[in-house]
Every structure is written in C-alpha cells, then in structure tokens.
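Trainee: Sequence plus predicted model, see below.
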Amino acid sequence: MICAAQILQAQWQRGKAPERSRFQRLGAAGPPTHEARLLADSLAQGLGCGVCQQLMKSLWEDLARPTATNLREVISKGCPFLVKKHLLRQGWAASSGALCEGAGRRAADGEAWCFLQDTLSESVEHPELAEHYDPAKDSLMLACEDTISYHMERVIFYLTQPGLLHEAQVRNEALMRNVCVEAACCE
C-alpha cells in the first residue's frame, strides 16, 4: 500500500506539484502537503499587503524610469523570480514565534505570523536556499501572484498616470502602500 507521503514525493519528483514551478528543490519540510498548502494560502492572505509593498518598493528603487514598458518588463519576469531576488535573498521572510514579538496575523496553523527582514539570515548568506520549497517561502510567491501579478495592468496604470509623476529610484512608502491597496487590491 502506498502512503500519502510517497504520493506527495512522487508528485514533486515528476513535476506534478504546482509548487514545482516556483522552487527547484524540496526544503526541510519535505513535499507540499494539504496542510502546508493551507498554511501558505492563509499566510499569503494575511501578509499579502506587506509583501506587495516591500516588493514594489524594491522594484521601484531598481527602476531607472517609471514607464509602462519598463514596469511591464520587470513584473513580467514573474513572481518566483521577483520574490527570490527582491525578498528571499534580501532576508525577507514570513516568520512565526518569538521573532514576531506577539504581533502578526493568525494563519491556518493557529500561530501568529509576521513579515520581517533579517539581513543575517541563512538565505542572505546562502542565496541558493531561495530555491528550496517551504510553505512560508511559497506564501510570499502566492501573495505576489494574488496582488502584483494578477493586477499587473492596474498597478502599471496607477504608477504611470499622466500628471502623477513619481520619481523612480526614490523611496516612497506612501506610494507603494497606495498602489498595493488601490491597484493591487491587497486588502
């Protein structure tokens, strides 16, 4: 008799797990399970605005000129690429426990989770770890897909409206908050 763990492992190895399109390797948590997928979905919903804002802030700071073409080119690289480059390899992560200091959003596992940056994390020191599947990492990809990717044209329009000249390569937290709430529909 084949057990559920063997089926999940086989799905991953054959490339049938949807997470396989976002990650090259399995992490310590093993293959995605039903519970892991519920956790990733609930984290993406709870932390989505923070993920959207930080990702847009990082993209904006890297952008030479805020044109529709430039924005579309960058966002079209896809959430796996963007999240790995601009979040995971920079130490951003969905975290739970003591790191959240009692704050955060409750997720499917009943724990409070928060979105934090730790520039001393293993992901910064070992960038290849961004390729290892983990439900918390997957939640960042899902949050990006649900906001920036899904609403890409609205985001681009919002940031390139005539008369609203926003200087690229300049930090603008209010603009990023507004684009995520109003255009990327993160709330």
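Mentor: Arrived safely.
Trainee: residues near residue 154, how many?
Mentor: By the measure other Cβ atoms under 10 Å, the count of residues near residue 154 is 15. C-beta coordinates here come from the backbone N, C-alpha and C atoms, glycine included.
Trainee: Ok, residue 11 next?
Mentor: Neighbourhood size, residue 11 [other Cβ under 10 Å]: 16.
Trainee: Would you check that residue 23 makes contact with residue 129?
Mentor: No: with contact defined as Cβ atoms under 8 Å, residue 23 and residue 129 do not form a contacting pair (10.5 Å).
Trainee: And the strands in the protein?
Mentor: Residue ranges of the strands in the chain, as given by DSSP state E, are 25-26, 92-96, 105-106, 112-117, 132-133.
Trainee: Show me what counts as buried in the fourth one.
Mentor: Residues of strand 112-117 classed as buried: 112, 113, 114, 115, 116 (neighbour count, 16 or more other Cβ atoms under 10 Å).
Trainee: and stretch 22-42, what's its mean pLDDT?
Mentor: Averaging pLDDT along stretch 22-42 yields 89.
Trainee: Turn the buried residues of strand 112-117 into JSON lines, including distance to residue 78 and pLDDT.
Mentor: Putting the buried residues of strand 112-117 into JSON lines (distance: Cβ to Cβ, whole Å; pLDDT from 0 to 100) gives the following:
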{"residue": "112", "distance to residue 78": "30", "pLDDT": "90"}
{"residue": "113", "distance to residue 78": "24", "pLDDT": "93"}
{"residue": "114", "distance to residue 78": "25", "pLDDT": "94"}
{"residue": "115", "distance to residue 78": "20", "pLDDT": "95"}
{"residue": "116", "distance to residue 78": "24", "pLDDT": "93"}
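Trainee: Which member of those is positioned nearest residue 43?
Mentor: The closest of the buried residues of strand 112-117 to residue 43 turns out to be residue 113 (Cβ to Cβ; 5.7 Å).
Trainee: Let me see the contact set for that closest one.
Mentor: If you count contacts by Cβ atoms under 8 Å, 6 or more residues apart in numbering, residue 113 has them with 43, 46, 47, 94, 95, 96, 100, 104, 105, 106, 107, 136.
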